[in-house]
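Undergrad: here's my sequence, what's the structure:
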Amino acid sequence: MLRKRTALFVCLIVSVGACRAALGQESLPPAAQWVPQDAILVLQVSQPQALLDVASDPRVIAKVTSAPAYQQLASQGDFQQFLQVVKILEATMATDWRTGLTKSVGGGVTLAACPGDVVLLMVDAQDADTLKQLHEIFLSFARGEAQKQGQPDRVVSAEYRGVQGWTFNGKEAHAIIGNRLVLASNAEALKKLLDLRADPKAASLQGLPAYQAAVAAAGSDAAANVFLNLAVLKQVGPIKEALSDNSNPLASLLFAGVAESLKASNWLSAGLKVEDDTLALRAVVDGKAVDPSGAAAFACPSKSDQGALPNVQVPRRIAAASFWRDLHGFYAAKDDLFPDRTSGLIFFENMMGIFFSGRDLTEDVLAETEPEFRIVVAQQQYEDDGVTPKLQIPSFAAIFRLRDPEKFALVAEEAWQKAIGLVNFTRGQQAEPGLVIDRPTHDGVKYTTAYFLPSEDKEGGAARYNFQPCLAVVNEYLILSSSDTLTNDVIDALKKEIANPTGALGGTHSIVEFDAVQLASILRANQENMVRKNMVDKGSTKEQAEAEMGLLLSIVENIGQIKLDIGSEEGRTQATLQLKPNLQ
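TA: Just a heads-up that it's a prediction; the model follows:
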């Protein structure tokens, strides 16, 4: 009996202690409950450690600290002062900066942009004591700086709804509530935040159905997510005009589906995931992808197995893009898409009529193409016995899939030769060298090319030697290329693809890939020209121009590889952006 009473007494003591501890530290609701419903943009980092692990990766730190821009910054007095502050913080808090940063923001970060240039920031520390200690340190710094500048009243505090608020500069306003730092761009914004905190039933972002749907779309495993209130944002003048502007046929062709979805959407959600060395950002909107009966149906595959083909893999590739676009449907809907056709579009139609011997562009030319077409850009490889231009321009190629290659190949050949003839006629009028047409063969494929004869007047580095236009047909694929080398590479790639078909990516209508390391290679090849141009355009010294060029190369090389996929899933448009930085 005594043992039972003793055990009951101990349980009561423990329960009372736990209640006191719970009362001593406020249980905080989600940060979104303190954000107004009219917020335009909200960024939430729910897994800060995942992003901190990426930032503190030894390879990332080595890349950053070895960059010329960092070394230049590190030599400046302001940066040295910043490092000194970091050392003081480490000594005061008895920890290193990585651990201190994790403790300070490890609970999550929320940033919100609201109408009226209001910005709210909420940071949840792993524990309240660390946050309070940091605040005391920065409060001491702020008071010291205010005293030095003769403005001791600049650092003040006041109480509102039982919360002690502070300002260090008379503009921002902040407070600490439990283990959460709340900071606003002005005192009125902080008061409104505290009003929401005091009334859990008030209309906050947390209770907005659009926000709830956007967070669910981002996925619970996202390290960070973004909510964009499109219903509000679309009313902003420049954005409203951009979405309603359809005067650019090329933009309408490439971004069809995306623009239509944005117009029909009330929100955009994006979730960021960290997968090994790759950052993947997936964005979704709530509007329908494309109306199958609308003018933009040319960008919407009608079957689940239809979509863009994988990008072409060639050596020295800088960029590649693959699209599912019904070119016949696109141009057939031109009167709906472009009711006021531009002079540029009319000129294009007239030129196509000349090249294709009066054939109807819509029914006799574009109708011969399948919806899949691809583009590839690669660094050129110049022949040892040829001419290497002083200014090296990447080569590019467009690849179309034909409905009836045997019928249309000769039509395309005639149009291509007419275009070369027009170029030669124009250049002849200006007393400039023309193109010579040839019919070489590569791996059994006979194609047509045109090239400039080598110059004998020491003009050997002229930019025209970047261009050797070609036309080739491989099975059902028509290749239009700017160089002979790339034509051969594309022929090789298509033959491999035909031998081992992978099929279209169902539901995906656009794929874009970019290799920044390969881009940096061609920038280096043109470094001398770019330095010279910088000196002429900006009046820089050679040393300044070289330093600026070095910074650009460093940034580009470290970007690594980028891939963007755009398509639809369950009727919603979605896009996935993958970034794999160069950590080698």
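Undergrad: any idea how far residue 446 is from residue 484?
TA: 13 Å (C-beta to C-beta, to the nearest Å). Backbone N, C-alpha and C define where each C-beta goes, glycine included.
Undergrad: the strands in the stretch 51-200 of the chain, which residues?
TA: Secondary structure of the stretch 51-200 of the chain (DSSP state E, counting those that start in this stretch): strands at 108-114, 118-124, 156-160, 163-167, 173-177, 180-184.
Undergrad: of all the ones you listed, which one is nearest residue 506?
TA: strand 108-114 (36.5 Å; C-beta to C-beta).
Undergrad: what packs against that closest one?
TA: strand 41-45, strand 118-124 (3 or more C-beta pairs under 8 Å, 6 or more residues apart in numbering; DSSP states H and E).
Undergrad: can you put the ones you listed in JSON lines and add mean neighbour count and distance to residue 468?
TA: Listed next are the helices and strands packed on strand 108-114 as JSON lines, based on neighbours: other C-beta atoms under 10 Å; distance: least, C-beta to C-beta, whole Å:
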{"stretch": "strand 41-45", "mean neighbour count": "20", "distance to residue 468": "48"}
{"stretch": "strand 118-124", "mean neighbour count": "21", "distance to residue 468": "54"}
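Undergrad: out of these, which is closest to residue 403?
TA: strand 41-45 (45.5 Å).
Undergrad: elements contacting that closest one?
TA: strand 108-114, strand 224-229.
Undergrad: run a quick neighbour tally on residue 66.
TA: 11 (other C-beta atoms under 10 Å).
Undergrad: roughly how far apart are it and residue 74?
TA: Counting by C-beta to C-beta, the gap from residue 66 to residue 74 is 11 Å.
Undergrad: please apply the same query to residue 382.
TA: On the measure of C-beta to C-beta, residue 382 and residue 74 end up 40 Å apart.
Undergrad: kindly report the same for residue 522.
TA: 30 Å.
Undergrad: which one of the two has more residues nearby?
TA: When residue 522 and residue 74 are compared on other C-beta under 10 Å, the one with more neighbours turns out to be residue 522, at 18 against 12.
Undergrad: contacts made by the helix or strand the more buried one falls within with the rest, please.
TA: Assigning secondary structure by DSSP states H and E places residue 522 in helix 516-525. Outside helix 516-525, the residues within contact range by C-beta atoms under 8 Å, 6 or more residues apart in numbering are 316-319, 378-379, 392, 394, 530, 552-553, 556-562, 582.
Undergrad: same check, this time on stretch 29-40
TA: Against stretch 29-40 from outside (C-beta under 8 Å, 6+ apart): 42, 44, 108, 110, 112-115, 120, 122, 124, 180, 182, 192-193, 196-197, 200, 203-208, 211, 227-229, 232-233.
Undergrad: mind listing what's buried in it?
TA: For stretch 29-40, burial by neighbour count (16 or more other C-beta atoms under 10 Å) applies to 30, 31, 32, 34, 35, 36, 37, 39, 40.
Undergrad: for residue 102, state which of those residues is nearest.
TA: Relative to residue 102, the closest of the buried residues of stretch 29-40 is residue 31; by C-beta to C-beta it sits at 18.4 Å.
Undergrad: what does that closest one show for phi and psi?
TA: Backbone geometry at residue 31, expressed as degrees, to the nearest 10, gives phi -60, psi -30.
Undergrad: enumerate every residue touching the nearest residue to residue 165 once chain neighbours are set aside.
TA: Using C-beta to C-beta, 6 or more residues apart in numbering and skipping residues adjacent in sequence, the residue nearest residue 165 is residue 175, 4.5 Å away. Contact partners of residue 175, counting by C-beta under 8 Å, 6+ apart, are 163, 164, 165, 166, 181, 182, 190, 194.
Undergrad: give me the buried subset of those residues.
TA: 163, 165, 166, 181, 182, 190, 194.
Undergrad: can you lay out these as CSV showing distance to residue 147?
TA: Below are the buried ones among the contacts of residue 175 laid out as CSV (distance: C-beta to C-beta, whole Å):
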residue, distance to residue 147
163, 26
165, 21
166, 16
181, 24
182, 26
190, 25
194, 29
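Undergrad: pick out whichever of these sits closest to residue 330.
TA: Residue 330 has its nearest neighbour among these in residue 182, at 50.5 Å by C-beta to C-beta.
Undergrad: distance of that closest one from residue 281?
TA: 27 Å.
Undergrad: next, count neighbours for residue 513.
TA: For residue 513, the neighbour count with other C-beta under 10 Å is 20.
Undergrad: phi and psi next, for residue 329.
TA: The phi/psi pair for residue 329 (degrees, to the nearest 10) is phi -60, psi -40.
Undergrad: for the one 4 residues further on, same thing?
TA: Dihedral pair for residue 333: phi -100, psi 20, per degrees, to the nearest 10.
Undergrad: wait, it sits on residue 326?
TA: No - applying C-beta atoms under 8 Å, one finds residue 333 not in contact with residue 326, separated by 9.5 Å.
Undergrad: which residues do those two both contact?
TA: With C-beta under 8 Å, 6+ apart as the test, residue 333 and residue 326 both reach 297, 298.
Undergrad: in the stretch 251-400 of the chain, which spans are strands?
TA: In the stretch 251-400 of the chain, strands defined by DSSP E, counting those that start in this stretch lie at 267-275, 278-288, 307-308, 317-324, 369-378, 395-402, listed in chain order.
Undergrad: tell me which of the ones you listed lies nearest to residue 416.
TA: Judging those by C-beta to C-beta, what sits closest to residue 416 is strand 395-402, at 12.2 Å.
Undergrad: now the angle from the next helix or strand after the closest one to strand 369-378?
TA: Downstream of strand 395-402, the next assigned helix or strand under DSSP H and E is helix 405-429. Our comparison of helix 405-429 with strand 369-378, counting by axes from the mean of the first three to the mean of the last three C-alpha atoms, to 10 degrees, yields an angle of 50 degrees.
Undergrad: and helix 405-429, what's buried?
TA: In helix 405-429, counting by 16+ other C-beta under 10 Å, buried: 405, 408, 409, 411, 412, 415, 416, 419, 420, 424.
Undergrad: pretty sure the last one sits against residue 433.
TA: No - in this structure residue 424 lies outside contact range of residue 433 using C-beta under 8 Å: 9.2 Å.
Undergrad: run the chain-centre distance for stretch 299-311.
TA: For stretch 299-311, the gap between its own C-alpha mean and the chain's C-alpha mean amounts to 22 Å (C-alpha atoms, centre = their mean, to the nearest Å).
Undergrad: pLDDT of it, averaged?
TA: Average pLDDT, stretch 299-311: 86.
Undergrad: need the contact partners of it.
TA: So stretch 299-311 is contacted by 256-257, 289-290, 292, 320-326, 330, 371-372, 374, 376, 401, 497, 502-511, 513, 567-568 (C-beta under 8 Å, 6+ apart).
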